[in-house]
Every structure is written in C-alpha cells, then in structure tokens.
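Q: Let's see this in three dimensions:
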Amino acid sequence: MAPLDMGAGPFPPWNIIENAPLAGIQQRLLTELFSLRNRVSDMAAQSDLLIQQVRASSRWELMKEWLERRTEHWDPSEESRQYLFWSVEPTRLADASLRVGSESAAESWVSAGPPF
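A: Predicted structure coming up:
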C-alpha cells in the first residue's frame, strides 16, 4: 500500500482542524447574506412608504377638487366600484400575499428567514 500523499489532488493540503480559509469564506458569505437581507427589508419599507405617499397625494387632490367644486368629471358609480374593490375585496381573498395588512409581501418573505 502506498503512503497517502496529502498534496495530491484538487484540494489544498489542509487538515480538518486548519480549514481557516473555509471559515473565512463562510463568514464573508453570511455577512453578505445578512447585508442583502437588510437591503431587501429597506426596499420593502421604501416601497410601502412610496405607496402611502401616492395614496395621500391622491386623496389630497380629490379633496382639493371637491372643495373647489370641480367634480363634474367624476363618475360616482365608477368611483364607488373602485373604492369597494380596493378596500373590501382584497381582504376577502384567501391568498395572504394580496391582503391589505401592516407588512408588505416582501417583508413577510424576508421575516421568514433564510431557507437553511
């Protein structure tokens, strides 16, 4: 039987105790994973904030038109239908990702944690 040559093969001749390069790679990947997770969380929060700003701006414009009595272009039946669709209908849906709630779909995905 020939002696085992630790320098042969595609892998470096480190033994299991001295695999510091692998630990460094693992630490770097974990750091990158958590950094990306935080970025996704920030993006979800920014998206939610932008949606709230657009809604507030739209409400402000509608109030302004109503106060200035510029409502001749409004179609009350269509406005009512859209209001009911966007405020009531999504809460009846079984799919939780489409429900109106405190956290966005992206945040709920992020809060689930990594798959490992």
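Q: Which helix or strand contains Ser41?
A: Using DSSP states H and E, Ser41 sits within helix 20-67.
Q: Show the subsequent helix or strand relative to that helix.
A: Downstream of helix 20-67, the next assigned helix or strand under DSSP H and E is helix 76-87.
Q: still on that earlier bit, how far off helix 76-87 does the helix holding Ser41 point, in degrees?
A: Using axes from the mean of the first three to the mean of the last three Cα atoms, to 10 degrees, the direction of helix 20-67 lies 160 degrees away from that of helix 76-87.
Q: where does the chain dip in pLDDT?
A: Applying pLDDT under 70 to the chain flags residues 1-20, 88-116.
Q: go with 50
A: For the chain, the stretches with pLDDT under 50 are 1-2, 94, 98-100, 114-116.
Q: on contacts alone, who are the packing partners of the helix holding Ser41?
A: Helix 20-67 sits against helix 105-111, with contacts defined as 3 or more Cβ pairs under 8 Å, 6 or more residues apart in numbering; DSSP states H and E. Backbone N, C-alpha and C define where each C-beta goes, glycine included.
Q: what's the neighbour count on Trp74?
A: 12 (other Cβ atoms under 10 Å).
Q: so what's it up against?
A: By Cβ atoms under 8 Å, 6 or more residues apart in numbering, Trp74 lies in contact with Glu65.
Q: Just want the phi and psi numbers for Arg69.
A: Backbone geometry at Arg69, expressed as degrees, to the nearest 10, gives phi 60, psi 40.
Q: actually Glu72, sorry about that
A: Backbone torsions of Glu72, given as degrees, to the nearest 10, read phi -70, psi -30.
Q: Could you do Trp74 as well?
A: Reported as degrees, to the nearest 10, the phi and psi values for Trp74 are phi -80, psi 140.
Q: For Ser80, see how far away it is.
A: 10 Å (Cβ to Cβ, to the nearest Å).
Q: Next: Trp86.
A: 11 Å.
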